[in-house]
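Asks: Below: sequence and its predicted model.
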2 protein chains.
Amino acid sequence: MIALDAMGGDHAPDAMVAGAARAVRAGLRVLLVGDADRLRPLVPAGVDIPIHHCPTAVAMGERRPTQAVRASPAPSVAVTMRLVAEGRAAAGVSCGHTGATMAAALFSLGRLPGVERPAITMVVPRADGGELTILDLGANVDCRPAHLAQFAVMGSAFTRRVRAVERPRVGLLSNGEEPGKGDERVQKAGPLVAATGVHFVGNIEPTAAFGGGCDVLVCDGFVGNIMLKTVEATAAVVTHIVREEILAHRSARAGAWLLRPALRRIRERTDASSLGGALLLGVDGVVVVGHGRSDAQAVSSAVRYAARCVEEGLVDGVREAMAAG
Amino acid sequence: MIALDAMGGDHAPDAMVAGAARAVRAGLRVLLVGDADRLRPLVPAGVDIPIHHCPTAVAMGERRPTQAVRASPAPSVAVTMRLVAEGRAAAGVSCGHTGATMAAALFSLGRLPGVERPAITMVVPRADGGELTILDLGANVDCRPAHLAQFAVMGSAFTRRVRAVERPRVGLLSNGEEPGKGDERVQKAGPLVAATGVHFVGNIEPTAAFGGGCDVLVCDGFVGNIMLKTVEATAAVVTHIVREEILAHRSARAGAWLLRPALRRIRERTDASSLGGALLLGVDGVVVVGHGRSDAQAVSSAVRYAARCVEEGLVDGVREAMAAG
């Protein structure tokens, strides 16, 4: 059973319920957490989705998420994580306020032994056709070198268990690959990562990492968040230029029409919302942080992603790796 | 007269001489700095390009660039910058080892008053059709907040003089726009940037910055370098996916054929080598740092860019702004 915060996200609760219905039709079990009076009419006839009633929610623009999740009565994201902590759900999913989701997960589930800072983790496509696990993408700024070493262990364990990469190559994000390169944090983190026992391939630049040079990319959350948003921004700039050039010439316009199905699949493959969302790695439970803009399909991807992490024993994998490291 | 280090760059000296010839044909005056015996046969007949003989060069893989540029006899990049310092050239261009170019520029030209750390500065296209000045892109890691404030003043002066933006909006690169966001450096830099008198629009995320939210984007060199390389990496991933999808379907293949001229222009517009290179801002002279992979066209763009910065009084603009700030 996957607990889904039905009140969090730009398109909540409609997209949440529709996404849950898709997941249920695909054979998963989902528990909606939210205002039963609003949710019940949205559930399609003939689809069985239980609802855990919880009338309040954290607003997307909330400035004090930590206080908000501890409010009484507890908001939907806090109840979602509590259901996971109590074993009534195997995993929790929220597309709402990221800070609130992290705070609720930390509060109810706590951290795994050896983890000082849980990390937001995503899997993105690489240029060589493979995939890249990246962490931290914004849970923590001003990380200490030791935190990066913990990210390396967690990211490696996740990649082995869930992505089934036998011996994941771990790289440390840097502005250059030579030992002297990197800022102070990266220079100090190198030896610590090497000492963890992960398959450390050293400092790596974005171009090499996205090109296939590693399976896990470790970075500070400020840097990682900038990197993630730069990927989105670049895609937007390229799209703008492509559109301008295509509209400028008639033969190109005809070409664009023929390309439409390919362009749609390209959008699907590069759109963050179809990646299933991010994981909060390092807490004692499976927590998927969906994109705020998630539509029904993205919600259903996030639920499936959470179910798969449960199935592959993600939390035990990270726990064992941290104990060994 | 623009001094061009003819020995630095992956395709030196051929691409350097060919690029110089293009620039000369377009009406510019270029002085080639390098091994006269190797350069002379490469100069096309009927094109007048003087050569300043200098037989040695810094290798692209040099690990100790600072020592290398002080060697005797001086390598080509050091001679190039000395010619600028002595007033025998109005600007210096090198597509060679970036660290060596920076070291040579600092050694011969020195910093402008008030500048603690010169910054690598580039102009890139925005999604709204405008352009974005970004600095620092990798000259300095572990910047202090005061350095970011100096970058703001330099970047604003450059954007006013060379890009002719009357009142450039300056943003501080961050993982979020609210005042509480950013790492410690960004949080401390905010008030310092605001106090300089530039038109400061606050913290800004990559998506907003590339979308048109500011004209100058200020960041630490480690973060900026990661961002720049992420842009390149993203373009490569998108290209891979586009090619895969297009090859998968016959109608898409036909569409791609019709799109070829547009795709070529897109590549030209998004290719770093057609942007004319980067500026080293904050030294007492115009210094253009071309991409190592520069071909003849990129070299000629870099020379034209240097000439334009001289024409617009870039150095005086930065000097005055630093004195006022």
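Replies: Here it is on my side, so go on. Numbering: from 1, shown residues only, chains lettered A, B, ... in the order given.

Asks: the helices in the stretch 51-200 of chain A, which residues?
Replies: Here the stretch 51-200 of chain A has its helices, by DSSP state H, counting those that start in this stretch, at A:65-69, A:76-85, A:98-109, A:145-161, A:184-195.

Asks: how close does A:Val288 sit to chain B?
Replies: Counting by Cβ to the nearest Cβ, to the nearest Å, the separation of A:Val288 from chain B is 20 Å. The C-beta positions use only the backbone N, C-alpha and C, and glycine is treated the same way.

Asks: swap in A:Thr80?
Replies: Taken as Cβ to the nearest Cβ, the span from A:Thr80 to chain B is 24 Å.

Asks: Can you show me the CA trace of stretch A:125-141 as CSV?
Replies: This file holds the C-alpha atoms of stretch A:125-141, laid out as CSV (Å, rounded to 0.1, in the frame of the first residue of the first chain):
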residue,chain,number,x,y,z
PRO,A,125,19.0,10.1,-18.7
ARG,A,126,22.6,10.2,-19.9
ALA,A,127,23.9,11.1,-23.4
ASP,A,128,25.1,7.5,-23.9
GLY,A,129,21.7,6.0,-23.3
GLY,A,130,22.4,5.1,-19.7
GLU,A,131,21.1,6.8,-16.6
LEU,A,132,22.7,8.9,-13.8
THR,A,133,21.8,9.0,-10.2
ILE,A,134,22.4,12.5,-8.8
LEU,A,135,22.3,13.6,-5.1
ASP,A,136,21.9,16.0,-3.3
LEU,A,137,19.6,18.1,-5.5
GLY,A,138,18.6,20.6,-2.9
ALA,A,139,17.8,19.1,0.5
ASN,A,140,21.0,20.6,2.0
VAL,A,141,23.1,23.6,1.3
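
Asks: what about it, average pLDDT?
Replies: Stretch A:125-141 carries an average pLDDT of 91.

Asks: Kindly report the same for stretch A:95-109.
Replies: Here the average pLDDT along stretch A:95-109 is 96.

Asks: quick one: low-confidence ranges for the stretch 201-325 of chain A?
Replies: Along the stretch 201-325 of chain A, segments meeting pLDDT under 70 span A:239, A:242-243, A:245-256, A:258-276, A:325.

Asks: Let's see the helix or strand that contains A:Val288 as CSV, backbone CA atoms only.
Replies: Using DSSP states H and E, A:Val288 falls within strand A:286-289. Listed next in CSV are the C-alpha coordinates belonging to strand A:286-289 (Å, rounded to 0.1, in the frame of the first residue of the first chain):
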residue,chain,number,x,y,z
VAL,A,286,10.6,5.1,1.1
VAL,A,287,9.6,8.7,0.4
VAL,A,288,9.0,10.0,-3.1
VAL,A,289,9.0,13.8,-3.7
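
Asks: Which strands and helices lie in contact with it?
Replies: Contacts defined by 3 or more Cβ pairs under 8 Å, 6 or more residues apart in numbering or on different chains; DSSP states H and E place strand A:286-289 against helix A:76-85, strand A:91-94, helix A:98-109, strand A:278-281, helix A:296-311.

Asks: could I get those as TSV with mean neighbour count?
Replies: Output for the helices and strands packed on strand A:286-289, formatted as TSV (neighbours: other Cβ atoms under 10 Å in any protein chain shown):
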stretch	mean neighbour count
helix A:76-85	27
strand A:91-94	33
helix A:98-109	24
strand A:278-281	27
helix A:296-311	23
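
Asks: Many thanks, I have nothing further to ask.
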